[in-house]
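Enquirer: the following block contains a protein sequence and its predicted model.
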Amino acid sequence: MRLGPHLFPFALRAAPASCRSTLWTRCLPILRHASTAAAVKPKETEAPQYPTYDLSEKDLTRLKFQRNIGVSAHIDSGKTTLTERILYYTGRIRDIHEVRGRDNVGAKMDSMDLEREKGITIQSAATFCDWVATDYEGNKEKYAINIIDTPGHVDFTIEVERALRVLDGAILVLCAVSGVQSQTTTVDRQMRRYNVPRISFINKMDRPGANPWRVINQIRTKLKIPAAAVQVPIGVEDELKGVVDLVRWKAIYHEGAKGQNIVESDDIPAEVLNFAKEKRRELIEQLAEVDDEIGELLIMDEDPTTSQLAQAIRRATVGLKFSPVFMGSAVKNTSVQPLLDGVCAYLPTPSEAPAVAHDTTLPTSAPAVPLVPAEAAPMMALAFKLEEGRFGQLTYIRMYQGSMKKGQFIYHARTGKKVKVPRLVRMHSNEMEDIEEIGPGEICAIFGVDCASGDTFTDGTHSYSMTSMFVPDPVISLALKPVGQEGPNFSRALNRFKKEDPTFRVHVDKESKETIISGMGELHLEIYVERMRREYNVDCTTGKPRVAFRETITQSADFAYTHKKQTGGAGQFARVVGTVEPMEFDEESGKDIGFENLVMGGNIPQNYIPACEKGFYEALEKGTLSGNPVCGARLVLRDGAFHSVDSSELAFRLAIMGAFREIYMNAKPVILEPIMTVEVVAPSEFQSAVIGGLNSRRGTIIDSEVREDEFTAVAEVALNDMFGYASFLRGQTQGKGEFSMEYKKHMPVMPDVQAELHAAYRKTMPQAKK
Ligand SMILES: Nc1nc2c(ncn2[C@@H]2O[C@H](COP(=O)(O)OP(=O)(O)OP(=O)(O)O)[C@@H](O)[C@H]2O)c(=O)[nH]1
C-alpha cells in the first residue's frame with residue numbers, strides 16, 4: 001500500500017459532500033508531498049493505519065453554523081472600528097465607542113491602556129458573537145462567530161501570524177483611498193502561508209477620493225488573486241447611503257442613528273442600475289475564470305441563478321481561488337451587516353478548513369494525519385497565544401478534534417506532562433465567560449496551564465503534534481538597563497514578555513554584560529519598555545537601537561582540523577575533515593543553515609556526530625567578522641579520526657568550532673543588513689521632498705502612485721538608515737505624512753561599512769580574526 005493516499009479517503013468521507021472537492025484541493029499539496037516522500041523512501045511505506053472518525057449529524061449541524069475569522073489589514077484601515085460595529089450589531093456590546101473617540105472609552109477590542117492612548121492595536125484580541133445571517137434566498141439562520149482582531153503594525157506581526165495559524169477564514173480590510181498597501185501584501189502572504197480564504201472589505205468609502213474599483217484592480221494585480229465586487233455603492237463619499245447586493249439583486253440601506261436598521265428594496269436606484277448590471281456581469285466573468293460551472297454557463301450564454309452564483313462564490317472562496325469584495329464605511333455604520341452575511345455565506349466552516357498533525361513517533365517525512373473536527377475523535381488542541389493574567393497563565397487554544405471539559409486531564413505533546421484544566425473560558429476581549437465544555441472547531445482559553453505558544457495538547461491517547469506558527473527573526477535590538485538597582489521585577493517582566501511573544505528576544509551580551517532586547521522594530525521594543533514601567537514599576541534606560549546585522553559566507557572552504565589537548569588530566573582528541581559552503585534558504589524546512597554527515601566506515605563514531613552538529617550551530621552564533629550570527633551556511637562532514645580513550649563529545653564539538661573559525665575567512669564572509677520596504681503616504685505637494693528624503697537615505701524607489709490629492713511612494717531602504725525617519729518625515733510634511741515599514745530581506749552592507757563594523761568588533765574583541 002502506498003503511503004500518502006490511503007490516509008485521505010476517511011477525511012473526504014467525513015466531510016460534507018458540498019465541500020469534498022474543496023477538501024481535495026486543499027489536501028492535494030500534502031498528498032503530493034506524502035507520495036513524493038513515499039517514492040523516495042520505499043522502506044517507510046508501512047505506515048500505521050490511523051483510526052477514522054466520521055462527523056456525526058450533530059457535528060455537521062454545529063459546524064455548518066460556526067465560523068472562526070480574523071480581521072487583518074494594513075495599519076489604520078479600520079479593523080478595530082469595523083470589529084466594534086460587528087460587536088454592536090450582533091448585540092455583544094451595548095454601544096459603539098471609537099478608536100481615539102472623544103468619550104475616552106475606546107474600542108472594545110483595544111483593551112490595553114497603551115492601545116487606547118496610542119489609538120493602535122498592539123495585541124490580537126479574541127471575541128465571539130452570534131449573527132442571524134440572511135442567505136441568498138432571504139432565509140435567516142443563526143451563526144456563531146469567533147473573531148480575532150489583529151494589529152496592523154508590522155512590529156506586532158506575530159499577532160497576525162498566530163491568529164491566521166488557527167483561523168479558518170479572514171476579512172481583509174482595505175482603505176477605499178489607499179488601496180493595497182505594504183502591510184496588505186504582508187497580511188496576504190501570511191494568509192497564503194496558512195491557506196486562509198478571505199473576503200475583502202473596502203472600508204472608508206465615505207472618504208473623499210474613495211475608489212473601490214481601483215482597489216479591486218490592485219487586489220487582482222498586486223495580490224494576484226481573482227476578485228470581484230459582490231456589491232456596488234449607492235451614493236459616493238459623504239453621500240454614501242447603502243449598497244446594491246449583486247448576488248441577491250437588492251438595494252440595501254441603513255437607517256437608525258447607528259445604522260442598525262437594515263432596509264432592503266427590490267428597486268435598484270436608477271442612477272446605479274446600469275452600473276450594477278455591468279458589475280454583476282464582471283462578477284460572473286471573474287468567477288468563470290475559476291469555477292467550471294459558471295464557466296460553462298458563460299459559454300452557453302446563460303445567466304446563473306442566484307443560487308448558482310452564491311454557491312460558486314462560496315466554492316471559489318473556500319478553494320482559495322477567489323475573493324469576493326464587499327464595501328462600506330465602518331465609521332459611518334454603512335454596510336457592515338451585509339459583510340457579516342458574507343462571512344456566513346462564503347467563508348469556510350471548520351470542517352472545510354482541513355488541519356493536519358504529525359505522528360511524533362514517525363520520521364518527519366511520514367505523511368500527515370488529517371484531523372476531523374468530530375466530537376468523537378481524540379482531543380487535539382493548539383495553544384496559539386499566552387497572556388500572564390491575575391489568575392496565572394491564560395492560554396488561548398483552538399480545538400481541532402474532540403472536546404475538552406473543565407477539570408479534565410490533558411497532555412502536553414512536547415513534554416508529555418499531564419495537566420488538569422482548572423478553568424475553561426471564552427474570551428470577549430479582556431473579559432471572560434466561564435464555560436464547562438468546548439467542542440471541536442472552537443476557540444477558547446484555559447487558565448493555569450504552563451506551555452509555550454504553538455504547543456499542542458492531546459488527551460494522551462495518541463502521539464500527534466501540530467506544527468507551530470512561523471516566527472520571523474528580529475531586526476532590531478537595544479541595550480536595556482534598569483534605573484537604580486536591578487530588582488526581581490526586571491527579569492520577571494522580561495521573562496513574561498519573552499514567553500508571550502516569540503519575536504521578542506532577550507540575551508545578556510557575553511562581553512559587555514549588557515541585557516540586550518531584540519524585536520521587530522523600534523515601536524515593538526518601545527512598547528515593552530513602556531509596559532515594564534507601567535506594569536512592573538521598572539524604569540529603564542535604553543541604548544541606541546542597533547540593527548540586527550548578520551554574516552554569511554560567499555564561497556566554499558575546506559577544513560582538516562585536529563583538536564588535541566593531551567597535557568595533564570583526561571586528554572581530548574578529535575579530527576574533523578569537510579567543507580563549509582553557502583546554502584540557499586530552503587522554503588520547505590524554513591532554514592538556511594544545515595549540517596550533513598558523509599563520514600563512512602566509522603572514522604568518526606556515530607555517537608559523536610550530534611556533537612559535531614551542535615558545535616557547528618554554536619559556531620554560527622557569532623561570526624568572527626563582526627560578532628553577528630552567521631546564516632546561509634552548510635557544513636558537510638566528510639571524514640575524521642578518533643582516539644579510543646581521549647575522544648569525547650566535547651572534543652568533537654570543540655573540533656568543529658575550531659575548524660569553522662580557522663577557515664571562516666577563506667569562505668569570504670560578508671556582513672548583511674536588514675533592508676526594509678518603506679511606504680510613505682503624504683499630500684501631493686510634498687512628493688518631491690519625500691522622494692528626496694528617501695534618496696538621501698540611500699533608498700531605492702520601487703513604486704509610486706499619485707492620486708487626487710495624495711501620493712504613495714514605496715522604497716527599499718536599509719534599516720540602519722531609517723533611524724529618526726518618523727520625526728524627519730513629520731518635519732518634511734508639516735506632520736501630514738505617514739509611513740510604515742517592514743522587513744524585506746538581508747543584503748550585504750557597503751564595503752566601507754563592513755570595514756568599519758569589522759574594525760569596531762576587533763576593538764572589543766582582541767582575539768577576533770583579522
Ligand atoms: N473616514 C473613515 N475613517 C475610518 C473608517 N473606519 C475607521 N476609520 C478611522 O481610521 C482610523 C483607524 O481606525 P482603526 O479602527 O484603529 O484601524 P485599525 O486598522 O484597527 O488600526 P491598527 O490596528 O492600529 O492598524 C481611526 O481614526 C478611525 O476612526 C471609515 O469607514 N471611514
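Expert: Right, received. Where do you want to start? Numbers count the residues shown, from 1 in each chain.
Enquirer: can you count the residues close to Met583?
Expert: Neighbours of Met583 under the rule other C-beta atoms under 10 Å: 18. No exception for glycine: its C-beta is placed from N, CA and C like everyone else's.
Enquirer: I misspoke; the intended subject was Arg762.
Expert: With other C-beta under 10 Å as criterion, Arg762 counts 17.
Enquirer: which parts of the strand or helix carrying it are buried?
Expert: Using DSSP states H and E, Arg762 falls within helix 751-764. The neighbour-count check on helix 751-764 (16 or more other C-beta atoms under 10 Å) flags 754, 757-758, 761-762 as buried.
Enquirer: stretch 691-703 now?
Expert: Those would be 691, 693-694, 697, 699, for stretch 691-703 by 16+ other C-beta under 10 Å.
Enquirer: then stretch 478-486?
Expert: Neighbour-count burial for stretch 478-486 [16+ other C-beta under 10 Å]: 478-480, 482.
Enquirer: just the terminal-to-terminal distance for that stretch.
Expert: Across stretch 478-486, the terminal residues are separated by 17 Å (C-alpha to C-alpha, to the nearest Å).
Enquirer: which among the buried residues of stretch 691-703 gets closest to the ligand?
Expert: Leu694 (22.7 Å; C-beta to the nearest ligand atom).
Enquirer: where does the spatially closest residue to the closest one that is not a sequence neighbour land in three-state SS?
Expert: Distance criterion C-beta to C-beta, 6 or more residues apart in numbering; nearest residue to Leu694, sequence neighbours excluded, is Ala715 at 4.6 Å. Three-state call for Ala715 (DSSP: H, G, I helix; E, B strand; the rest coil): strand.
Enquirer: the helix or strand in which Ile262 is found packs against which elements?
Expert: Taking DSSP H and E as the criterion, Ile262 maps to strand 261-265. Strand 261-265 makes packing contacts with strand 250-255 when contacts are defined by 3 or more C-beta pairs under 8 Å, 6 or more residues apart in numbering; DSSP states H and E.
Enquirer: restricting to C-alpha, output the strand it packs on in CSV.
Expert: Output in CSV follows, covering the C-alpha atoms of strand 250-255 (Å, rounded to 0.1, in the frame of the first residue of the first chain):
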residue,chain,number,x,y,z
LYS,A,250,-31.4,44.0,-3.8
ALA,A,251,-30.7,47.6,-2.7
ILE,A,252,-29.7,47.7,1.0
TYR,A,253,-30.0,50.8,3.0
HIS,A,254,-29.2,51.6,6.7
GLU,A,255,-31.5,53.5,9.0
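Enquirer: what does that strand rub up against?
Expert: Under the contact criterion C-beta atoms under 8 Å, 6 or more residues apart in numbering, strand 250-255 has outside partners 234, 241-245, 260-269, 333-335, 337-338.
Enquirer: could you pull up the residues touching the residue nearest to the spatial centre of the chain?
Expert: By C-alpha atoms, centre = their mean, the chain has its centre lying nearest to Glu161, at 1.8 Å. For Glu161, the contact set (C-beta under 8 Å, 6+ apart) comprises 190, 469-472.
Enquirer: among those, which ones are in helices?
Expert: Gln190 (DSSP state H).
Enquirer: tabulate the contacts of Glu161 (JSON lines), appending neighbour count and pLDDT.
Expert: Converted to JSON lines, those look like this (neighbours: other C-beta atoms under 10 Å; pLDDT from 0 to 100):
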{"residue": "Gln190", "neighbour count": "22", "pLDDT": "87"}
{"residue": "Met469", "neighbour count": "21", "pLDDT": "80"}
{"residue": "Phe470", "neighbour count": "18", "pLDDT": "83"}
{"residue": "Val471", "neighbour count": "16", "pLDDT": "84"}
{"residue": "Pro472", "neighbour count": "14", "pLDDT": "83"}
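Enquirer: ok, back up a step: drop anything exposed from the contacts of strand 250-255.
Expert: Counted by 16+ other C-beta under 10 Å, the contacts of strand 250-255 give 234, 241-245, 262, 268, 333-335, 337-338 as buried.
Enquirer: helix, strand or coil for Glu662?
Expert: helix.
Enquirer: now do stretch 595-609: distance from first to last residue.
Expert: Taking C-alpha to C-alpha as the criterion, the two ends of stretch 595-609 lie 10 Å apart.
Enquirer: what does that stretch contact?
Expert: Stretch 595-609 is contacted by residues 574, 576, 578, 612-613, 616-617, 634-642, 647-649, 652 when judged by C-beta under 8 Å, 6+ apart.
Enquirer: which ones among the residues you listed lie within helices?
Expert: Going by DSSP H, the helices hold 612-613, 616-617, 649, 652 from those.
Enquirer: quick one on the thing from earlier: just the closest of the buried residues of helix 751-764 to Phe490, please.
Expert: Tyr761 (27.9 Å; C-beta to C-beta).
Enquirer: so where is the stretch 651-770 of the chain shaky, pLDDT-wise?
Expert: Screening the stretch 651-770 of the chain residue by residue with the criterion pLDDT under 70, one finds the ranges 765-770.
Enquirer: which residues of it fall in helices?
Expert: For the stretch 651-770 of the chain, the helices defined by DSSP state H, counting those that start in this stretch cover 687-696, 725-732, 751-764.
Enquirer: and the shortest one with helix 687-696, angle?
Expert: Read it as helix 725-732. 150 degrees (axes from the mean of the first three to the mean of the last three C-alpha atoms, to 10 degrees).
Enquirer: neighbours of the nearest residue to Glu738 once chain neighbours are set aside, how many?
Expert: Nearest residue to Glu738, sequence neighbours excluded (C-beta to C-beta, 6+ apart): Val681, at 5.3 Å. Residues contacting Val681 under the criterion other C-beta under 10 Å number 23.
Enquirer: cool, and Lys142?
Expert: Lys142: 10 neighbours (other C-beta under 10 Å).
Enquirer: ok, it touching Trp131?
Expert: Yes - counting by C-beta atoms under 8 Å, Lys142 touches Trp131, with 7.3 Å between them.
Enquirer: specify the local secondary structure of Thr624.
Expert: Per three-state DSSP, Thr624 ends up coil.
Enquirer: and the gap between it and Phe447?
Expert: 48 Å (C-beta to C-beta, to the nearest Å).
Enquirer: who has more neighbours, these two?
Expert: Neighbours were tallied for Thr624 and for Phe447 using other C-beta under 10 Å; the higher tally belongs to Thr624 (21 against 18).
Enquirer: which pLDDT does the model give that one?
Expert: For Thr624, the pLDDT comes out at 90.
Enquirer: all set, thanks.
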